[in-house]
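S.K.: sequence unknown, structure follows:
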């Protein structure tokens with residue numbers, strides 16, 4: 001396979017990678033804060049709010065992301081009466097699906113981080129005269145994030161790979177252009193190139209989280 005051919009198919013695949021990265025950035029930036037809010041809701045003293053948050057997390061984690069994307073993209077517009085108001089651009093619908101899904105996973109990661117903190121930390125903060133808000137902000141949350149970083153990194157790598165599901169809702173991303181080239185040219189080389197691009201993206205992401213983890217460790 002000539003270098004010219006590789007360069008020819010690489011250009012559209014890199015364009016598709018831009019869509020992949022855009023979805024990843026939007027999803028990660030919005031789903032992590034939403035996941036944290038869900039964790040707060042689960043641990044809320046308001047029983048109804050806690051139950052609703054737990055039910056949401058159970059549903060989003062218990063059903064396939066692909067199914068959720070299909071419902072948002074194609075199912076919501078079919079709802080009688082209000083479906084016409086729920087027609088979304090495919091990329092927008094995909095972003096919503098990814099954000100809602102991954103927020104549930106991040107919520108569980110944060111909850112695990114909270115559970116891993118020794119109860120003695122709360123008692124020590126109380127002895128130092130810190131109120132509940134100060135204890136949460138200065139003592140608990142920094143430790144929770146430090147504990148959660150490895151799991152956040154793992155889930156983020158999964159997220160960047162799951163962006164391939166955009167193909168299922170007709171959003172042209174990396175895998176779409178790879179398969180187009182495969183079907184057109186009867187060669188699996190584009191799939192290998194797509195795999196290399198995914199590996200590069202996940203490598204960069206992994207190194208970034210390792211750097212963040214080191215920063216938290218030495219603080």
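M.R.: It's in. Please read these numbers as outputs of a predicted model, since none were measured by experiment.
S.K.: state the mean pLDDT of the longest helix belonging to the chain.
M.R.: Taking DSSP state H as the assignment, the helix of the chain that covers the most residues is helix 3-42. For helix 3-42, mean pLDDT rounds to 91.
S.K.: give the buried residues for that helix.
M.R.: Of the residues in helix 3-42, 9-10, 12-13, 16-17, 19-20, 23-24, 26-28, 30-32, 34-36, 38-42 count as buried by neighbour count, 16 or more other C-beta atoms under 10 Å. For glycine as for every other residue, the C-beta is placed from the backbone atoms N, C-alpha and C.
S.K.: and the gap between the residue in the chain sticking out farthest from the centre and residue 170?
M.R.: Going by C-alpha atoms, centre = their mean, the residue of the chain most distant from its centre is residue 127, 38.3 Å out. Applying C-beta to C-beta, to the nearest Å, the value for residue 127 to residue 170 is 59 Å.
S.K.: so where's the chain shaky on pLDDT?
M.R.: The chain contains residues with pLDDT under 70 at 1, 217-219.
S.K.: and the residue farthest from the centre of the chain, how far from residue 138?
M.R.: 14 Å.
S.K.: helices of the protein, start to end?
M.R.: 3-42, 47-62, 65-70, 90-115, 119-127, 132-134, 141-162, 174-185, 189-218.
S.K.: so which of those is nearest residue 81?
M.R.: helix 90-115 (19.4 Å; C-beta to C-beta).
S.K.: helices or strands next to the closest one in the packing?
M.R.: On a contact count with 3 or more C-beta pairs under 8 Å, 6 or more residues apart in numbering; DSSP states H and E, helix 90-115 meets helix 3-42, helix 47-62, helix 65-70, helix 141-162.
S.K.: closest one to residue 104 among those?
M.R.: helix 47-62 (3.7 Å).
S.K.: now the angle from the closest one to helix 3-42?
M.R.: Orientation of helix 47-62 against helix 3-42 (axes from the mean of the first three to the mean of the last three C-alpha atoms, to 10 degrees) gives an angle of 160 degrees.
S.K.: contacts made by helix 47-62 with the rest, please.
M.R.: For helix 47-62, contacts defined as C-beta atoms under 8 Å, 6 or more residues apart in numbering pick out 38, 41-44, 68, 100-101, 103-105, 107-108.
S.K.: please repeat the previous calculation with a cut-off of 10 Å.
M.R.: 35, 37-44, 46, 68, 97, 100-108, 111 (C-beta atoms under 10 Å, 6 or more residues apart in numbering).
S.K.: buried residues, it. List them.
M.R.: Of the residues in helix 47-62, 53, 56, 57, 60 count as buried by neighbour count, 16+ other C-beta under 10 Å.
S.K.: now swap in stretch 110-127 and tell me
M.R.: Of the residues in stretch 110-127, 110, 111, 113, 114, 117, 122, 125 count as buried by neighbour count, 16+ other C-beta under 10 Å.
S.K.: can you tell me how far the fourth one is from residue 140?
M.R.: In this case it means residue 114. Residue 114 sits 7 Å away from residue 140, going by C-beta to C-beta.
S.K.: what do you get for the third one?
M.R.: In this structure, residue 113 lies at 9 Å from residue 140, with C-beta to C-beta as the measure.
S.K.: could you do residue 88 as well?
M.R.: Separation of residue 88 from residue 140 (C-beta to C-beta) stands at 38 Å.
S.K.: now swap in residue 166 and tell me
M.R.: 37 Å.
S.K.: with residue 36 instead?
M.R.: Distance from residue 36 to residue 140, by C-beta to C-beta: 12 Å.
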